[in-house]
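>>> with the input below, show me the fold.
(one chain, ligands or ions: 1)
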Amino acid sequence: MKIGIANDHSAVEMKKELVEYLEGKGYEVVNYGTDSLESTDYPIWGEKVANAVASGEVERGIAICGTGVGISLACNKVRGIRAACVSEPYSAQYSRLHNNANIVCFGARVIGIETAKMIVDYFLETEFEGGRHARRVNMIMDIERRNAEKPE
Ligand code: RB5
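Got it, this is the predicted structure:
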C-alpha cells in the first residue's frame, strides 16, 4: 500500500520515525514534508497530503501537527477527504470500520511515538465495514456536494 505523510514543524521527528517504521513493514511512503524545524503553516502540508489522497496518488494519508486538530481541519477542506483526528488506537480503528477515513491525523505534542505507531497500524490494517456505515458516510459526502454547489 502506498501511503502519504505530511506534517508541520512540530512533528518532523515523529514523522521521520514513522516513515522508518512503515517502510520497515513494507509500505511505500511518500513524504510531502516539511522536513524543516522552522515554523511553518500546517494548512500547506495538510492540503498537500489531502490532494495526494484525493487524486489517488497515494491510497491513504497520515497528517501530523502539534495537536492534529489544525492539520485535520485543513485536510477535510479537500473534496473527497475524510480525515480523522485521533489520540488513541480505538478511534483510529473505528475511523476505518465505521467512517472509512482516508487520512488519520494526530498531535506530536499530544501522543508519544509508540501510541502513534499503534494508531497507524490500526488505520492501515483495518477495512471499512460498509453496510449501514456506508449510508452514513454517503450522507457526509452529500453534505460536501451540497455545499460545493453554494455560491461563496
Ligand atoms: C503550531 O505551533 C501549532 O499551532 C500546530 O502544530 C497545530 O497544533 C495546530 O493545530
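
>>> tell me the contacts of residue 73?
Shown in contact with residue 73 (CB atoms under 8 Å, 6 or more residues apart in numbering): residue 46. Backbone N, C-alpha and C define where each C-beta goes, glycine included.

>>> assign it to helix, strand or coil.
Assigned by DSSP: H, G, I helix; E, B strand; the rest coil, the conformation of residue 73 is helix.

>>> that one and the ligand, how far apart?
Noted for residue 73: a distance of 8 Å to the ligand, by CB to the nearest ligand atom, to the nearest Å.

>>> ok, now residue 45?
Relative to the ligand, residue 45 is positioned 10 Å away (criterion: CB to the nearest ligand atom).

>>> verify the stated contact: that residue with residue 33.
Yes. Checked against CB atoms under 8 Å, the pair residue 45 and residue 33 is within contact range at 6.2 Å.

>>> what do the two both touch?
Residues touching both residue 45 and residue 33 comprise 6-7, with contact defined as CB under 8 Å, 6+ apart.
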